[in-house]
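With the sequence up front, the predicted model follows.
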Amino acid sequence: MYTSKDTIRVMIITKDHRIEGDMYILEGSRLTDALNSKGKDFYAITEAKIWHVTDDTLLASPSYVAIARDSITAIFPVEP
């Protein structure tokens, strides 16, 4: 069964990394709704860029990365 989803460009901060990419959320929902879903241990991010948080060195640009929920320090929407 297909579920309609919206795309949000997000910035994720972890202890060591800053990640920017596209996160998919249920159509019509908010970023906080997706984050409050207890059923997810990982969040899928596409078209990602991963920087080292202390010196802004670009480490990777994967088309897909899964971010562990427990590793996220901060997450917020950014303009594409």
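Structure's in. What do you need?

residue contacts, residue 67?
12, 14, 19, 42, 43, 45 (Cβ atoms under 8 Å, 6 or more residues apart in numbering). Quick note: C-beta positions are derived from backbone N, CA and C, even for glycine.

What about the residues you listed, which are in strands?
Mapping the contacts of residue 67 onto strands (DSSP state E) picks out 12, 14, 19, 42, 43, 45.

got the contact list for the second one?
Residue 14 makes contacts with 53, 67, 71, 72, 73, as judged by Cβ under 8 Å, 6+ apart.

how far away is the second one from residue 42?
If you measure residue 67 against residue 42 using Cβ to Cβ, to the nearest Å, the figure is 6 Å.

do the third one as well
Look at residue 71 and residue 42: by Cβ to Cβ, they are 10 Å apart.

Tell me where this protein has strands.
Per DSSP E, the chain carries strands over the ranges 5-14, 17-26, 42-52, 58-60, 64-68, 72-77.

quick revisit: weed out the non-buried ones from the ones in strands among the contacts of residue 67.
12, 14, 19, 43, 45 (16 or more other Cβ atoms under 10 Å).

from the contacts of residue 14, which is closest to residue 25?
Among those, residue 67 lies closest to residue 25 (Cβ to Cβ), at 14.1 Å.
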